[in-house]
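In: this is a predicted model, with the sequence first.
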Amino acid sequence: MSPRVFLRPRCDRCNLPQHLCLCAELPRVETRTRILLLQHVVETWKKSNTGRLAALALANSQLLTYGAQDESLDTALLSEPGTWLLYPDGPTSPPDAPAPKQLVVLDASWSQARRMTQRIPALRTLPRLVLPPPSPGMLRLREPTHPSGMSTLDAIARAVAMLEGPEAAAPLERLAALRVQRIADCGTLM
């Protein structure tokens, strides 16, 4: 006989277990830069996914799913003028280039993100916004698998800080820290 598994009900909006729901804490963050989240289908219903939280908090954002059967990705959005890719390596833009109008963020594991950049030709041609490595004091739930690793929400907050200043990123940083703290206080990884 197998042990009984109890699944905790999740919030339909933020996808976190209901006892960790952050919907009441979601800020409304206005940015000049449009954030286009390209979420790998495997990430869609993960409780650990932070891309969904970022999309809920950012007024100027759109969340698209990549890799779903019977769905094709409209790559026209990736070809809009002024579109950059948030990625740790690759062709960076010249220092005197104008700031991006749209920033594509891959919401995926490192291996999934690497495959996405290989399989979506439009991503390979975009200039890259490369973040500096995370500070040692950054709150995390687990150790990253990549030296520049951080959650999607943390990465977006850092990108917004670089592009629009720390004041614009502060609500996203608070949301990321609150998420980590709430989960840590429960003593569980959900």
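Out: Structure's in. What do you need? Residues are numbered from 1 along each chain as shown.

In: how much distance is there from stretch 164-183 to the middle of the chain?
Out: 13 Å (CA atoms, centre = their mean, to the nearest Å).

In: and it, C-alpha only, in CSV?
Out: Extracted in CSV, the C-alpha atoms of stretch 164-183 (Å, rounded to 0.1, in the frame of the first residue of the first chain):
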residue,chain,number,x,y,z
GLU,A,164,15.0,52.4,-15.3
GLY,A,165,16.6,52.9,-11.9
PRO,A,166,16.5,51.3,-8.5
GLU,A,167,13.2,53.0,-7.5
ALA,A,168,11.3,51.3,-10.4
ALA,A,169,12.8,47.9,-9.4
ALA,A,170,12.2,48.2,-5.6
PRO,A,171,8.6,46.8,-5.6
LEU,A,172,9.8,43.8,-7.6
GLU,A,173,12.7,43.2,-5.2
ARG,A,174,10.4,43.4,-2.2
LEU,A,175,8.0,40.9,-3.8
ALA,A,176,10.9,38.5,-4.5
ALA,A,177,12.2,38.8,-1.0
LEU,A,178,8.7,38.4,0.5
ARG,A,179,8.2,35.2,-1.5
VAL,A,180,11.5,33.7,-0.3
GLN,A,181,10.8,34.8,3.3
ARG,A,182,7.3,33.4,3.3
ILE,A,183,8.4,30.0,2.0
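
In: let me know the average pLDDT across that stretch.
Out: Per-residue pLDDT values across stretch 164-183 average out to 92.

In: for it, list every residue counted as buried.
Out: Glu164, Ala168, Ala169, Pro171, Leu172, Glu173, Leu175, Ala176, Arg179, Val180, Ile183 (16 or more other CB atoms under 10 Å). No exception for glycine: its C-beta is placed from N, CA and C like everyone else's.
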